[in-house]
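Enquirer: Quick one, structure for this:
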Amino acid sequence: MPIVAQSTETTDWVSRFADEVIEESERRAPGKRVVVASGLSPSGPIHLGNLREVMTPHLVADEIRRRGREVRHLISWDDYDRYRKVPNGVPGVDETWAEHIGKPLTSVPAPAGSAYPNWAEHFKAAMVAALGELGVEFDGISQTEQYTSGVYREQVLHAMRHRADIDAILDQYRTKKAPAKQSQKPLDEAELEAAEGSGAAGEDDGSAGSAGYFPYKPYCGNCEKDLTTVTAYDDDSTELTYTCTACGFGETVRLSEFNRGKLVWKVDWPMRWAYEGVVFEPSGVDHSSPGSSFQVGGQIVGIFGGEQPIGPMYAFVGISGMAKMSSSKGGVPTPGDALRIMEPQLLRWLYARRRPNQSFKIAFDQEIQRLYDEWDKLVGKVADGSALPGDVSAYTRAVGTAAGELPSTARPLPYRTLASVADITAGHQDQALRILSELDPAHPLVALDDVRPRYDKAEAWINTHVPADQRTIVRAEADVDLLKSLDEASQQSLRLLLEGLASNWSLDGLTHLVYGVPKVQAGFSADAGPKELPPEIKTSQRTFFALLYHLLVGRDTGPRLPTLLLAVGQERVRELLGE
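Expert: Numbers count the residues shown, from 1 in each chain. I've put the predicted structure just below:
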């Protein structure tokens with residue numbers, strides 16, 4: 001099976017794949033444009049695991065474009081697949097949608113209140129919008145349009161003529177089980193569903209009744225469902241007879257003129273490889289098992305005169321702090337969800353920096369702050385020339401495409417700082433600007449637009465992913481009882497802080513001040529480094545920080561203290577600390 005080799009070295013995997021894809025394309029179709037492909041099923045919310053199905057060929061296609069080669073990235077919208085089940089947790093959808101199971105996705109009503117004409121278009125639209133924001137250039141193909149307009153008619157008739165050959169290939173795998181893998185945890189139904197490119201993993205591979213095997217499924221002319229059985233077919237006249245087990249309807253049609261049906265998935269996919277001349281397409285990890293769509297397709301594609309694409313098997317994408325993803329479950333994060341809380345550059349970077357066979361997580365919890373810190377550190381290293389070559393490549397692919405750089409934040413302040421400010425100000429933009437303008441008095445921020453869209457992403461994260469009991473609410477008045485109960489050492493620490501507020505009123509100055517107070521109390525210089533200090537200083541700092549949090553926000557934790565102090569403002573800080 002032609003799978004692109006995946007090295008364990010930390011090199012630029014995109015460039016390696018691009019080399020192999022160009023070479024393979026030249027072998028198959030010299031001088032022609034390179035064709036790479038993805039497949040997505042709009043059977044429900046298209047999630048961040050499915051995005052890997054797109055980002056892997058996108059990054060490779062973009063590298064090929066950067067080299068001046070013509071390339072076409074197909075996204076096949078498998079919107080003519082059957083509606084298999086009602087996803088949980090989709091707004092505007094209830095149990096009545098179960099009556100549509102078995103119909104094409106484009107024949108199922110959109111969720112209540114949707115602006116789109118059907119189920120498939122509703123979920124496709126959100127993905128198209130996200131891909132636009134991510135800078136993904138693609139050529140979308142609706143399989144409903146392809147089949148119902150007769151584009152694949154010759155391919156369908158060819159498959160029916162060669163149904164015995166197809167059946168023989170499929171029969172090699174029908175009784176085989178996937179070997180147990182000690183190195184990988186078992187895959188549950190949801191994971192298998194997410195891994196299949198089309199979302200049609202559960203579809204059967206064709207009917208094999210008393211009339212023989214047929215790789216084609218008509219949709220019923222009465223109820224529109226695919227619960228049909230082909231009972232007769234004549235190769236010469238192309239007359240096909242079917243009956244529907246759902247409603248009892250039956251009819252005889254000429255397949256040479258009939259457009260209301262499709263090839264079964266394991267035949268449909270390789271047919272399209274041959275029809276479009278696909279050279280590169282990734283596949284989910286389940287395709288390593290005998291009888292998987294990709295492996296079987298590698299044999300069936302020859303019946304259509306084509307070759308199987310090369311491509312890596314990609315690992316799952318997880319969510320930090322959430323259960324594994326499946327589009328059949330409600331509440332599964334989509335690319336649109338991610339782009340509400342992070343800039344496109346960061347999301348692109350997460351997919352670009354890991355080889356497809358490496359799993360990774362996308363953070364929707366506090367971990368997003370660390371990811372942003374890591375990203376900003378990389379940006380700095382790239383700017384000063386100290387970044388490693390592989391990291392530079394990932395950065396370059398994250399910030400733009402062959403068409404140019406993606407829009408970016410003019411002044412990218414730390415995400416955690418912006419999130420803290422958004423948390424404390426609770427939507428008051430004038431207060432947010434006041435705080436942010438005081439972070440660096442030498443270079444004050446003059447407009448919130450300078451920190452957008454990053455500020456908006458951080459604010460969205462605070463509002464949608466931080467629990468209410470973790471939000472920061474500054475005390476309305478001083479905690480007099482706590483202030484009266486403080487011992488002399490605690491009172492001294494507050495005095496030292498208050499004495500230094502005015503002269504240190506900036507982010508860097510307050511950082512130096514709050515860390516320096518416990519050092520000074522212990523008899524050291526505020527500038528003393530870690531190597532000059534005993535271990536117990538860290539304990540003293542934690543105790544001091546907890547005291548400040550209790551006095552300012554009534555909890556023992558909160559946003560970074562320098563940011564919190566700036567947010568509260570000098571006058572109010574002095575009031576709350578008992579001055």
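Enquirer: From here on, just use CA atoms for contacts and neighbour counts.
Expert: Noted.
Enquirer: Contacts for the strand or helix carrying Val573 next, please.
Expert: In this structure, Val573 sits in helix 570-576 according to DSSP states H and E. Defining contact as Cα atoms under 8 Å, 6 or more residues apart in numbering, one finds that helix 570-576 is touched by Arg475, Glu477, Ala478, Asp479, Leu498, Leu501, Ala502, Leu551, Leu552, Leu565.
Enquirer: what pLDDT does the first one get?
Expert: Per-residue confidence at Arg475 stands at 94 (pLDDT).
Enquirer: Run a quick neighbour tally on it.
Expert: Around Arg475 sit 15 other residues, with neighbours defined as other Cα atoms under 10 Å.
Enquirer: can you pull the contacts of it?
Expert: Taking Cα under 8 Å, 6+ apart, we find Arg475 in contact with Leu551, Leu552, Val553, Gly554, Leu576.
Enquirer: Distance check, it against Leu552.
Expert: Distance, Arg475 to Leu552, by Cα to Cα, to the nearest Å: 6 Å.
Enquirer: And the contacts of helix 570-576, which is closest to Pro441?
Expert: Comparing these against Pro441 with Cα to Cα picks out Ala502 as the nearest, at 12.5 Å.
Enquirer: That closest one: what's its closest spatial neighbour, skipping adjacent residues?
Expert: The spatially closest residue to Ala502, leaving aside those adjacent along the chain, is Gln570, at 7.7 Å (Cα to Cα, 6 or more residues apart in numbering).
Enquirer: and the gap between that neighbour and Trp505?
Expert: 8 Å.
Enquirer: Could you do Arg454 as well?
Expert: According to Cα to Cα, Arg454 and Trp505 sit 24 Å apart.
Enquirer: CA atoms only: put the helix or strand where Met160 lies into CSV for me.
Expert: Met160 belongs to helix 153-161 when elements are defined using DSSP H and E. As requested, the backbone C-alpha atoms of helix 153-161 are provided in CSV (Å, rounded to 0.1, in the frame of the first residue of the first chain):
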residue,chain,number,x,y,z
ARG,A,153,-22.8,7.7,-14.8
GLU,A,154,-20.1,5.8,-16.8
GLN,A,155,-18.2,5.0,-13.6
VAL,A,156,-21.4,3.6,-12.0
LEU,A,157,-22.1,1.4,-15.1
HIS,A,158,-18.5,0.3,-15.2
ALA,A,159,-18.7,-0.7,-11.5
MET,A,160,-21.9,-2.7,-12.2
ARG,A,161,-20.2,-4.5,-15.1
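Enquirer: For the next helix or strand after that helix, which residues meet the burial criterion?
Expert: Once helix 153-161 ends, the next helix or strand along the chain (criterion: DSSP H and E) is helix 163-171. Taking 16 or more other Cα atoms under 10 Å as the neighbour-count basis, helix 163-171 is seen to contain the buried residues Arg163, Ile166, Asp167, Ile169, Leu170.
Enquirer: can you list those in JSON lines and add distance to Glu154 and pLDDT?
Expert: Below are these laid out as JSON lines (distance: Cα to Cα, whole Å; pLDDT from 0 to 100):
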{"residue": "Arg163", "distance to Glu154": "14", "pLDDT": "97"}
{"residue": "Ile166", "distance to Glu154": "16", "pLDDT": "96"}
{"residue": "Asp167", "distance to Glu154": "19", "pLDDT": "94"}
{"residue": "Ile169", "distance to Glu154": "21", "pLDDT": "93"}
{"residue": "Leu170", "distance to Glu154": "21", "pLDDT": "91"}
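Enquirer: Dump those into a markdown table; add distance to Phe214 as well.
Expert: Below are these laid out as a markdown table (distance: Cα to Cα, whole Å):
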| residue | distance to Phe214 |
| --- | --- |
| Arg163 | 6 |
| Ile166 | 9 |
| Asp167 | 8 |
| Ile169 | 13 |
| Leu170 | 12 |
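Enquirer: Now flag whichever of those residues is closest to Asp139.
Expert: When these are compared for distance to Asp139 (Cα to Cα), Ile166 comes out closest, at 29.5 Å.
Enquirer: residue closest to the middle of the protein?
Expert: Most central residue of the chain, judged by C-alpha distance to the mean C-alpha position with Cα atoms, centre = their mean, is Leu48 at 2.5 Å.
Enquirer: Assess the claim that it and Leu347 are in contact.
Expert: No. Using Cα atoms under 8 Å as the test, Leu48 is too far from Leu347 to be in contact (10.0 Å).
Enquirer: which stretches of the stretch 251-400 of the chain form helices?
Expert: Remark: helices of the stretch 251-400 of the chain, listed N- to C-terminal, are 265-276, 293-300, 335-341, 344-352, 367-384, 389-399; assignment by DSSP state H, counting those that start in this stretch.
Enquirer: Could I get the average pLDDT for the fourth one?
Expert: Taken as a whole, helix 344-352 carries a mean pLDDT of 98.
Enquirer: buried residues in it?
Expert: So, applying 16+ other Cα under 10 Å, buried residues of helix 344-352: Pro344, Gln345, Leu346, Leu347, Arg348, Trp349, Leu350, Tyr351, Ala352.
Enquirer: Which other helices and strands does it contact?
Expert: Counting by 3 or more Cα pairs under 8 Å, 6 or more residues apart in numbering; DSSP states H and E, the packing neighbours recorded for helix 344-352 are helix 48-66, helix 119-134, helix 389-399.
Enquirer: just to revisit the earlier point, return the subset of the contacts of Arg475 lying in helices.
Expert: Judged by DSSP state H, the contacts of Arg475 include Leu551, Leu552, Val553, Leu576 as members of helices.
Enquirer: these two touch, right, Asn357 and Ala315?
Expert: Yes. The pair Asn357 / Ala315 is scored as a contact, 4.9 Å apart, by Cα under 8 Å.
Enquirer: the more surrounded of those two?
Expert: Legend: neighbour count by other Cα under 10 Å for Asn357 and Ala315, higher for Ala315 (19 against 16).
Enquirer: still on that earlier bit, looking at Gln570 and Trp505, which has the bigger crowd around it?
Expert: Trp505 (21 against 14).
Enquirer: what's the neighbour count on the closest residue to Val480 other than its chain neighbours?
Expert: What sits nearest to Val480 in space, not counting adjacent residues and going by Cα to Cα, 6+ apart, is Gly578, at 7.8 Å. When neighbours are counted by other Cα under 10 Å, Gly578 registers 18.
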